[in-house]
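[1] sequence and predicted structure, then a few things I'm wondering about:
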Amino acid sequence: MIENIFTYAFLLQTLRISVPYFLPSLGAAYSEKGGVVNIGLEGILLTGAFFTTLGTYYTQNIWIGILCGLTAGFLIALIHGIATITFKADQIVSGIALNLFALGLTKFLCRIIFNSSSNSARIPGLETVNIPLLSSIPILNNIFITFCIILLILSQIIFYRSKFGLRLRAVGENPAAADSLGINVLRIRYAGVLISGLLAGLGGAWLAFDQHSFTDGMSAGRGFIALAAMIVGKWKPMGAAAACLVFGFAESISIQFQGTAIPTQFIQMLPYILTIIILAGFIGKSTPPAADGIPYENTNK
Amino acid sequence: MLAVEMIAITKTFAEKVIANNSISLSVKKGEVHAIVGENGAGKSTLMNILYGMYPPDKGKIQINGNEEIINSPARAIQLKIGMVHQHFMLVPPLTVLENIILGSEPEKNLLLDFKKAKERVSQITSSFKIDVNLETKIENLPVGLQQRVEILKLLYRNAEILILDEPTAVLTPQETNELFNTIDFLKSEGKTIILITHKLNEVKAISDTITVLRHGKVVGVTGTENATIESIARLMVGEDKIYEEKKANIREKKLILEVKNVTVLNENSVEAVKDVSFEINSGEILGIAGVEGNGQHELVEAISSIRKPAKGKITLNNAELKEEHNIAHIPADRHRNGIVMDFSVAENLILGREKENLFKKDITIDESKVKTFAEKLVHEYDIRPVDIDIKIKSLSGGNQQKAVVAREITKNSDLIIASHPTRGLDIKAASFVHNALIKESDKGKAVLLVSSDLAELLKLSDRIAVIYNGQINVIFDADKTNEYELGLYMTGSKVKNE
């Protein structure tokens, strides 16, 4: 069993499994660093997957599919932003509403477009993509894995070395302070939420291409686990990535163990148990941004 | 030349409360201009208008002779106006440097130019003689240094007009001195400083001109050299005379609290209080003087049995302290430990006392008894507005504190622990609390008074113990010491009484 873990195939599998956790997880970091909790990521993942499928199905072009997925993610995040940032609605309630909305919307559209409430038609996947140079490099030849690596490095720079990152961290910790320095708190928070929508929408696109179709409820709680991973990773891009990899690793192992004497139910529990053990035991204190989840009331105007 | 001229500024909140009623203010360039007044006189509102936080309902503002509309802090910053707010506007997990540049970040190739930022800030720190490590996170800095960072923020933005809102409220006497040195230096560099305060000795010490506000109106403008502390106080408070209770001498003294060789550990298992012993008799007020963070907090927690001492013995009326006690405790942080903001005034007035028979009806709380009790307290302790059903968060800080004081000292307890009982209160509310404490001690109660306000300690206490580094090395009779001497012991410049 052990020898199976140190193989290229296992590594690739771990990375592939981590992708749909990592993208929304990174998105959550943008949203929450700016002070907006976005549990709607689960729904955005699902909507992103559906519209990617739809776009790809009609055009047979995965790039247009991805664009559709991104747009869908952006729009759902925009609703969340309008509700929670402009109208100061409770962020959890808005998130729950969006998740339920996404579940219903995708099922409904799937039914009228593909004439089935559980499955879409088959779409092409990433195997059709052929980028010179990259295609000859193992692992990086998967454009989504390449995307993720670039996004991670970029985010780390944006968070800690850019003006936007500094302002994002400031409005999540003490929006009144940022406001007193002439920073538009609401605009920065919108930016964080909308980026989270784009990233989760991209995560949805991956799900669709990976399965070559849309299936009902295919996000399967990944958006929530992504949130947990981001918290385990202490609201940092690198931390979130590491937590997602641990989760991907655990899930890979559980796949390796399938078909052995251990009952599958136990094997399937493995990633979750691992998450709880890591959460409870090894991470230490994980302190959220001080203004995370609290609408900013600009009482002065 | 006038740096700031505010003409007939009026600001009303919620269409009822007139915070500023046609206030005019003229600040000369290069002067230190103090704005004094009681809590709620409209000082902060006026300054927030100048800094662009609120728009005025009526009135005009001229900066350096030009009429300006300041509709945002960003505009104020453009006009070289800067403000240090009473509650610091800092982001605790960010570094000093990040906090300073936030909002006016230098960039190079789309990224923050930390090198340039550091150069510029270092230049300011050396020319204004403000010393602080730029890489430290704000959350690891003491309050005095955080305030330095706030001033650096203004200088980084080239502020010429600096507004300081109650800057000394949180500082020790030594830190206050340093701040005043900085203010003097800024003035010598040609900066204009507007200082909001209600501490009159500070006004007298540092300002050039004084504008006095009362109930949202200007009631006096005077050059500092022509004013005395008494004359300013009279303007501030108006016709109402401040009544000061005098302590009576209790004849029969009985031992109430005995603290013997007590050692207390803090959260990090470090000895915060080391082998401390003292006694308080009936009718006596014992003051504890000390710079914040020298163990007074842990000592109070041990005596109020929130924290168990690691060593030593605490006895109340000659009996070992029990976990379920009935000690009156006015906590240092009223918002965190004294009241529940979303509860009504009446509910807050029985908080922690709800089990007392006074409020019982079978197994439930008797609403009508609570009401009678609360109404009595609200009148006796002058808690305003007179409405026991509104949420306590809509009361001013002074009135919230009066509610805490009312609840605690009407407890049937021989010991009252008062931690910083007048922090943030204006003269009238503070003297009310002082009088209440004196009255209780005259009735024979023992009072433990912890405060960083030395004038308060000297006025109320019979004896003053100085705590430094967790130890009490010296206990003075209050009438045989002074602020200067206490300051030396508080900062460890002197340790033992020679």
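    All right, it came through fine.
[2] can you list the domains in chain B?
    B:2-237, B:255-491 (the TED database).
[3] wait, does the longest one make contact with chain A?
    When you say that, I think you mean domain B:255-491. No - under the criterion of CB under 8 Å from any CB of the partner chain, chain A is not reached by domain B:255-491; the shortest gap measures 12.8 Å. In short, each C-beta sits where N, CA and C put it, glycine included.
[4] quick one: terminal-to-terminal distance for that domain?
    31 Å (CA to CA, to the nearest Å).
[5] what's the answer for the shortest one, then?
    Looking at domain B:2-237, the gap from its leading to its trailing residue is 28 Å under the measure CA to CA.
[6] what is the mean pLDDT for it?
    Domain B:2-237 shows a mean pLDDT of 90.
[7] any chance of the domains of chain B in JSON lines, plus mean neighbour count?
    Output for the domains of chain B, formatted as JSON lines (neighbours: other CB atoms under 10 Å in any protein chain shown):
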{"stretch": "domain B:2-237", "mean neighbour count": "18"}
{"stretch": "domain B:255-491", "mean neighbour count": "18"}
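[8] for A:Phe108, find the nearest of these.
    Nearest to A:Phe108, of all those, is domain B:255-491, at 41.5 Å by CB to CB.
[9] contacting residues around B:Lys80?
    Applying CB atoms under 8 Å, 6 or more residues apart in numbering or on different chains to B:Lys80 gives the contacts B:157-161.
[10] how close does it get to chain A?
    13 Å (CB to the nearest CB, to the nearest Å).
[11] and that residue, how far from B:Ala169?
    26 Å (CB to CB, to the nearest Å).
[12] where's residue 45, which helix or strand?
    The chain I'm using is chain A. helix A:41-59 (DSSP states H and E).
[13] you answered for a different chain; I wanted chain B.
    helix B:43-50.
[14] which residues touch that helix?
    Contacts for helix B:43-50 (CB under 8 Å, 6+ apart): A:300, B:4, B:6, B:9, B:11, B:19-20, B:23, B:25, B:35-37, B:54-56, B:61, B:70, B:76, B:81, B:83, B:86, B:163, B:165, B:194, B:196, B:213.
[15] ok, back up a step: quick one: the domains of chain B as CSV, columns for distance to A:Leu168 too.
    Formatted as CSV, the domains of chain B follow (distance: least, CB to CB, whole Å):
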stretch, distance to A:Leu168
domain B:2-237, 11
domain B:255-491, 29
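[16] so who does whichever residue of the stretch 1-150 of chain A sits closest to chain B touch?
    Residue of the stretch 1-150 of chain A nearest chain B, by CB to the nearest CB: A:Lys33 (10.8 Å). Applying CB under 8 Å, 6+ apart, we find A:Lys33 in contact with A:159, A:168-169, A:172, A:192, A:235, A:289.
[17] get me the contact residues on the stretch 101-250 of chain B for chain A.
    Within the stretch 101-250 of chain B, the positions adjacent to chain A are B:101-105, B:107, B:110-112, B:153 by CB under 8 Å from any CB.
[18] out of those, list just those in strands.
    Judged by DSSP state E, these include B:107, B:111-112 as members of strands.
[19] regarding residue 275, what is its secondary structure?
    You didn't pick a chain, so chain A it is. helix (DSSP: H, G, I helix; E, B strand; the rest coil).
[20] switch to chain B, please.
    B:Asp275 - assigned by three-state DSSP - is strand.
[21] next: B:Asn412.
    Going by three-state DSSP: B:Asn412 is coil.
[22] find me the pLDDT at it, would you?
    Looking at B:Asn412, the pLDDT reads 85.
[23] surely it meets B:Asn326?
    Yes - using CB atoms under 8 Å, B:Asn412 is in contact with B:Asn326, at 6.5 Å.
[24] thinking again about what came up before, excluding chain neighbours, give the residue nearest to the residue of the stretch 1-150 of chain A closest to chain B in space.
    A:Gly172 (4.8 Å; CB to CB, 6 or more residues apart in numbering or on different chains).
[25] the one you found: neighbour count?
    A:Gly172 is flanked by 30 other residues according to other CB atoms under 10 Å in any protein chain shown.
[26] phi first, then psi, for it.
    Main-chain torsions, A:Gly172, degrees, to the nearest 10: phi -80, psi -20.
[27] can you pull out the helices in the stretch 51-200 of chain A?
    Assigned by DSSP state H, counting those that start in this stretch, the helices in the stretch 51-200 of chain A fall at A:62-81, A:91-114, A:143-161, A:163-173, A:175-180, A:185-211.
[28] nearest to B:Ile388, of these?
    Ranked by CB to CB, the member of the helices of the stretch 51-200 of chain A that lies closest to B:Ile388 is helix A:175-180, at 31.4 Å.
[29] and that closest one, anywhere near chain B?
    Yes - contact of helix A:175-180 with chain B (CB under 8 Å from any CB) involves A:176-180.
[30] make TSV out of those and add neighbour count.
    Output for the residues of helix A:175-180 next to chain B, formatted as TSV (neighbours: other CB under 10 Å):
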residue	neighbour count
A:Ala176	18
A:Ala177	26
A:Ala178	27
A:Asp179	24
A:Ser180	25
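[31] who's in contact with B:His297?
    B:272, B:332, B:419.
[32] and the first one, how close does it get to chain A?
    Read that as B:Ala272. 21 Å.
[33] was I right to think that residue contacts B:Gln296?
    No - proximity of B:Ala272 to B:Gln296 does not meet the contact threshold set by CB under 8 Å, at 9.2 Å.
[34] check contacts around residue 107.
    Using chain A. A:117, A:216.
[35] meant chain B, my bad for not saying
    B:Glu107 neighbours (CB under 8 Å, 6+ apart): A:163, B:113.
[36] which residues does it bridge with?
    Taking DSSP bridges as the rule, B:Glu107 bridges to B:Leu112.
[37] contacts only, for the residue in the stretch 151-300 of chain B that chain A sits nearest to.
    Scanning the stretch 151-300 of chain B for proximity to chain A using CB to the nearest CB identifies B:Lys153 as nearest, at 7.6 Å. Shown in contact with B:Lys153 (CB under 8 Å, 6+ apart): A:181, B:82, B:99-100.
[38] and if we set it to 10 Å?
    When contacts are counted by CB atoms under 10 Å, 6 or more residues apart in numbering or on different chains, B:Lys153 touches A:177, A:180-181, B:77, B:82-84, B:88-90, B:96, B:99-104, B:121, B:159.
[39] and if you look at B:Leu458?
    So B:Leu458 contacts B:287, B:289, B:464, B:476, B:478-479, B:481-483, B:486 (CB under 10 Å, 6+ apart).
[40] next one: phi and psi at the closest residue to chain A within the stretch 101-250 of chain B?
    Nearest to chain A, among the residues of the stretch 101-250 of chain B, is B:Gly103, at 3.2 Å (CB to the nearest CB). Per-residue torsions, B:Gly103: phi 90, psi -20 (degrees, to the nearest 10).
[41] thought it was touching A:Gly182?
    Yes - with contact defined as CB atoms under 10 Å, B:Gly103 reaches A:Gly182; the gap is 5.4 Å.
[42] flag the shaky bits of the stretch 201-301 of chain A, pLDDT-wise.
    Scanning the stretch 201-301 of chain A for pLDDT under 70 picks out the ranges A:279, A:282-284, A:298-301.
[43] now with 80?
    Applying pLDDT under 80 to the stretch 201-301 of chain A flags the ranges A:257-261, A:270-271, A:274-276, A:278-286, A:298-301.
[44] sec struct for B:Glu67, please.
    strand.
[45] dump the residue contacts of it.
    Contacts of B:Glu67 (CB under 10 Å, 6+ apart): B:5, B:7, B:60-61.
[46] export these to TSV and tack on secondary structure?
    Formatted as TSV, the contacts of B:Glu67 follow (three-state DSSP):
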residue	secondary structure
B:Glu5	strand
B:Ile7	strand
B:Lys60	strand
B:Ile61	strand
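[47] any chance of those residues in CSV with distance to A:Tyr8 as columns?
    As requested, these are exported to CSV (distance: CB to CB, whole Å):
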residue, distance to A:Tyr8
B:Glu5, 75
B:Ile7, 77
B:Lys60, 75
B:Ile61, 70
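[48] can you redo these as TSV with distance to chain A?
    Below are the contacts of B:Glu67 laid out as TSV (distance: CB to the nearest CB, whole Å):
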residue	distance to chain A
B:Glu5	22
B:Ile7	21
B:Lys60	19
B:Ile61	16
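[49] understood, closing this out.
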